[in-house]
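Asks: give me the fold of what follows.
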Amino acid sequence: MVKIPALTGAQIREAVGGTALRGDEAGVEVLELAEPRDASENAVAFVIGEGFVGDVAGTRARVVVVQKALAEKVLPLLPGQVGLCLGCEDAYLGLARLSEVIARRDPLADWRFSQAGAVAENVHPTAKVDPTAKVGPGAVVCEGAAIGARTTLLPNAVIGPHVAVGEDCVIFSGAVLYPRTRVGNRVRLHANVVIGGDGFGYARGPAGAAKIWHLGAVVIHDDVEIGPGTTVDRGTLKDTVIERGVKIDNLVQIGHNGYIKSHAILCAQTGLAGNVTVGRGAVLAGKVGVGDKIEIGDGATVGAMSGVAKDVAPGDIVMGSLLARPRREWWRFLATLERVGDLLERVKKLEGMRK
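Replies: Presented below is the predicted three-dimensional model:
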């Protein structure tokens, strides 16, 4: 759930290109954008696919925007406090269009150059830098940012507008923290890490791909270390979260709305699509790829170069470069694969005998 500038029911309808299926837009105003299950009574929520229908009955949203193809399923589930339900031919495209309207009115949705208007030493007058913190040559601290005690910014690190960095952190050269990023204590962000960049989300529109503006943030808890070249995208309608004690290797990609639970380990070149949850203490070995909306359970292990296309249960060990599967099943598959040549020869001999 993200805070947004106030929008009326009419403004939402116009932006998403929808029609009222229930309720009246008069007097409706929202201040938040959310998924149905996270929505408050001041929110507009989107039902963009079957996966969201089950959350409708418990939503507290004031406005719900639904894919018209799902309207028959959604309308009977809507709680009484939903004051307006709008139907769209393509609710995902509607979300993209509404996010653009919000982004134009939100100075932190994109990085405006004026927000970096620094004084000679590259620290904006509105930034709060603890006297014990160290800011290296060429490092930039933008408007409204805060740097905690004993934190070190090495040369050419960039701390964006309204970013908060805690105590005893080290932000290495070339690291970039986008607006609204929040970093806890004793965090190490190595060279060329990018935290809070735009999530990779687009809806198909008549003019091609329509950008979905990602209005959430990235929240990094205490005692996290992130290796060089890793990128962590900010959330769409909620924050991307990395919990305490997580260790992330070099060149890892964490997509929008990712949730990495405490003490998980992500090894080099792992890539997570959007909305992935990695459980407490889970280990993802090198070059693991995880699909959208997948959940890796607590304490699970995913072997190197595995492709994960379905949830992994807590404590399971899966591997497989074709499709991740339980370890013993994968070993049996490999053993069978090695015998394929011999089996083919035997089949040929048997067929020859029959002839």
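
Asks: point out where this structure drops to low pLDDT.
Replies: Scanning the chain for pLDDT under 70 picks out 112-121, 322, 353-355.

Asks: which residue packs closest to the spatially most central residue of it, ignoring adjacent ones?
Replies: The centroid of the chain falls nearest to His256 when counting by C-alpha atoms, centre = their mean (1.7 Å). Of all residues not flanking His256 in the chain, Gly199 sits nearest, at 2.9 Å (C-beta to C-beta, 6 or more residues apart in numbering). Every residue, glycine included, has its C-beta placed from N, CA and C.

Asks: so what's that neighbour up against?
Replies: By C-beta atoms under 8 Å, 6 or more residues apart in numbering, the contact set of Gly199 is Ile212, His214, Asp233, Arg234, Gly235, Thr236, Gly255, His256, Asn257, Gly274.

Asks: 7 Å instead?
Replies: Shown in contact with Gly199 (C-beta atoms under 7 Å, 6 or more residues apart in numbering): His214, Asp233, Arg234, Thr236, Gly255, His256, Gly274.

Asks: returning to what we had before: so the residue nearest to the centre of the chain versus Lys3, what's the distance?
Replies: 17 Å (C-beta to C-beta, to the nearest Å).

Asks: can you check Ala145 too?
Replies: Counting by C-beta to C-beta, the gap from Ala145 to Lys3 is 19 Å.

Asks: which of these two has more residues huddled nearby?
Replies: Neighbour tally, Ala145 and Lys3, criterion other C-beta atoms under 10 Å: the higher count belongs to Ala145, 24 against 12.

Asks: just want the phi and psi numbers for that one.
Replies: phi -80, psi 160 (degrees, to the nearest 10).

Asks: does Ile195 count as helix, strand or coil?
Replies: strand (DSSP: H, G, I helix; E, B strand; the rest coil).

Asks: who touches stretch 135-155?
Replies: In contact with stretch 135-155 (C-beta under 7 Å, 6+ apart) are residues 115-116, 118, 122-124, 126-130, 132-134, 156-173.

Asks: that one: which residues count as buried?
Replies: 135, 139-148, 150-154 (16 or more other C-beta atoms under 10 Å).

Asks: how long is that stretch end to end?
Replies: Stretch 135-155 has an end-to-end distance of 8 Å (C-alpha to C-alpha, to the nearest Å).

Asks: next one: that stretch to chain centre, how far?
Replies: 25 Å (C-alpha atoms, centre = their mean, to the nearest Å).

Asks: now do stretch 216-231
Replies: 12 Å.

Asks: equivalent analysis for stretch 92-112, please.
Replies: Distance, centroid of stretch 92-112 to centroid of chain: 17 Å (C-alpha atoms, centre = their mean).
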